[in-house]
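K.L.:
What shape does this take:
(one chain, ligands or ions: 1)
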Amino acid sequence: MDQNELKALVGQAAVKFIEDGMIVGLGTGSTVRYMVDALGKRVQEEGLNVIGVTTSNRTTAQAQSLGITIKDIDEVDHIDLCIDGADEIDTDFNGIKGGGGALLWEKIVNNASTKRIWIVDESKLVKRIGNFGVPVEVIPFGAQHVFNYFVKQGYHPVWRLTDDGAKYRTDEKNFIIDLKVGEIADPKVMAEDLIHTVGVVEHGLFLNRVDQVIVGRQDGPEVLDVN
Ligand SMILES: O=C(CO)[C@H](O)[C@H](O)COP(=O)(O)O
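P.N.:
This next block holds a predicted model:
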């Protein structure tokens, strides 16, 4: 199986955890795309009754096109289950997210969810997170000063750009700075520094934020329980 087939496999495996009546957080990314397709199929074929809360405008558009009911996060008082992808996951289940630029809404939806599942192909499992880089969402006002601070900290920052060379804008119209740090010795220390940097809205270090990981392996999906 190639990487896309593994992504499709975990997407399909994840929707089996969705029950009738649930409010479901829908992540963002190519793996989640397969999961949303599979959920749309269940809604259409089984009449499954769910409400989705999405983590990006992209996912909203896809889900609505498949007939999945979507509510704004502030229209619901809780989310039963959030299913999202990840860019890297270490042996302690710390993750990096934000490769798709949706880390802010993803962390807010993750935070509001009773249960969190990440779906990944096996290439995302690493000993230590960091080689992917750490995406950081920053407010445009004064963003160059934040970038300069990251240089001083030795974080090797790089502006995320669009294909035409403009600075990438998130759904909240913020910028993303990717920190090319390599393996991180202590993700907790780095997370503390990032979140206390004025101008940073959120970062892509997701520490202690997952309950189950479904890994796409050649011999089938493997469900890993955290704790
Ligand atoms: O965090 C994310 C988006 O902000 C994605 O979940 C992450 O980038 C994984 O994406 P993919 O499934 O395409 O590999």
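K.L.:
what's the longest strand along the chain packed up against?
P.N.:
Counting residues, the longest strand found in the chain (DSSP state E) is strand 113-121. Counting contacts by 3 or more CB pairs under 8 Å, 6 or more residues apart in numbering; DSSP states H and E, strand 113-121 is packed against helix 3-14, helix 30-46, strand 79-84, strand 212-217. Every residue, glycine included, has its C-beta placed from N, CA and C.
K.L.:
Can I get the ones you listed in a markdown table including distance to residue 108, mean pLDDT and mean neighbour count?
P.N.:
A markdown table is the format used below for the helices and strands packed on strand 113-121 (distance: least, CB to CB, whole Å; pLDDT from 0 to 100; neighbours: other CB atoms under 10 Å):
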| stretch | distance to residue 108 | mean pLDDT | mean neighbour count |
| --- | --- | --- | --- |
| helix 3-14 | 20 | 96 | 21 |
| helix 30-46 | 16 | 98 | 19 |
| strand 79-84 | 10 | 98 | 24 |
| strand 212-217 | 20 | 98 | 21 |
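K.L.:
out of the ones you listed, nearest to the ligand?
P.N.:
helix 30-46 (3.2 Å; CB to the nearest ligand atom).
K.L.:
List of residues touching the closest one?
P.N.:
4, 7-8, 10-12, 14-15, 18, 24, 26-27, 48, 50, 52, 59, 62-63, 66-68, 83-85, 100, 119-121 (CB atoms under 8 Å, 6 or more residues apart in numbering).
K.L.:
Return only those of those found close to the ligand.
P.N.:
Contacts with the ligand within the contacts of helix 30-46, counted by CB under 6 Å from any ligand atom: 27, 84-85, 100.
K.L.:
ok, and the most crowded of the residues you listed?
P.N.:
residue 84 (32 neighbours; other CB atoms under 10 Å).
K.L.:
Tell me how far the nearest residue to it once chain neighbours are set aside lies from residue 147.
P.N.:
Excluding the flanking residues, the one nearest residue 84 by CB to CB, 6 or more residues apart in numbering is residue 27, at 2.8 Å. Distance, residue 27 to residue 147, using CB to CB, to the nearest Å: 27 Å.
K.L.:
now residue 217
P.N.:
Applying CB to CB to residue 217 and residue 147 gives a distance of 39 Å.
K.L.:
now residue 179
P.N.:
Distance from residue 179 to residue 147, by CB to CB: 10 Å.
K.L.:
Looking at these two, which one has more neighbours?
P.N.:
It is residue 179, of residue 179 and residue 147, that has more neighbours when counted by other CB under 10 Å, with 23 against 18.
K.L.:
Test my guess that that one contacts residue 137.
P.N.:
No. With contacts counted by CB atoms under 8 Å, residue 179 stays clear of residue 137, the gap being 11.9 Å.
K.L.:
ok, which residues in this structure are in contact with the ligand?
P.N.:
Residues of the chain lying near the ligand (CB under 6 Å from any ligand atom): 27-31, 84-87, 97-103, 106.
K.L.:
Take the residues you listed and keep only those in helices.
P.N.:
30-31, 103, 106 (DSSP state H).
K.L.:
mind listing what residue 5 touches?
P.N.:
Taking CB under 8 Å, 6+ apart, we find residue 5 in contact with residue 216.
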